[in-house]
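Return a 3D structure for these sequence lines:
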Amino acid sequence: MIEGIPTFFAAARFGIGLLVVMGLVFATCTIGTYVAVSVASARSLQNVNLGALERYGEVLSGTLIAILGGVFLSLPSL
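Take a look at the predicted model:
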């Protein structure tokens with residue numbers, strides 16, 4: 001929250017009450033945004049059919065992770 005830190009520092013001279021209100025407003029807005037975006041994404045993804053990717057997605061992601069692990073094991077340490 002790089003943009004909010006200076007705001008909280010500037011508001012600190014007005015007392016703890018304002019800081020509490022600002023924290024509550026920030027938390028409410030952040031949580032509300034995350035919930036709204038998550039609900040909208042979940043609803044939209046219900047309409048997507050990925051075919052074979054739905055069936056073999058775990059195998060593909062596991063294979064990718066194993067390949068990346070092998071690549072990083074074979075690289076020299078910095």
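
Tell me how far stretch 27-40 lies from the chain's centre.
Centre-to-centre, stretch 27-40 and its host chain are 11 Å apart (Cα atoms, centre = their mean, to the nearest Å).

send the alpha carbons of that stretch over as CSV?
Taking Å, rounded to 0.1, in the frame of the first residue of the first chain, the C-alpha atoms of stretch 27-40 are listed here in CSV:
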residue,chain,number,x,y,z
ALA,A,27,-10.2,-2.4,4.8
THR,A,28,-13.9,-2.3,3.8
CYS,A,29,-13.1,-1.0,0.3
THR,A,30,-10.2,-3.6,-0.2
ILE,A,31,-12.3,-6.5,1.1
GLY,A,32,-15.3,-5.5,-0.9
THR,A,33,-13.3,-5.1,-4.1
TYR,A,34,-11.7,-8.6,-3.6
VAL,A,35,-15.1,-10.2,-3.0
ALA,A,36,-16.8,-8.5,-6.0
VAL,A,37,-14.0,-9.4,-8.4
SER,A,38,-13.9,-13.0,-7.1
VAL,A,39,-17.6,-13.4,-7.4
ALA,A,40,-17.6,-11.9,-10.9
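
What's the separation between the residue nearest the centre of the chain and Leu50?
For the chain, the residue nearest the mean C-alpha position is Tyr34 (8.6 Å; Cα atoms, centre = their mean). Distance of Tyr34 to Leu50, given as Cβ to Cβ, to the nearest Å: 24 Å. (C-beta placed from N, C-alpha, C; glycine too.)
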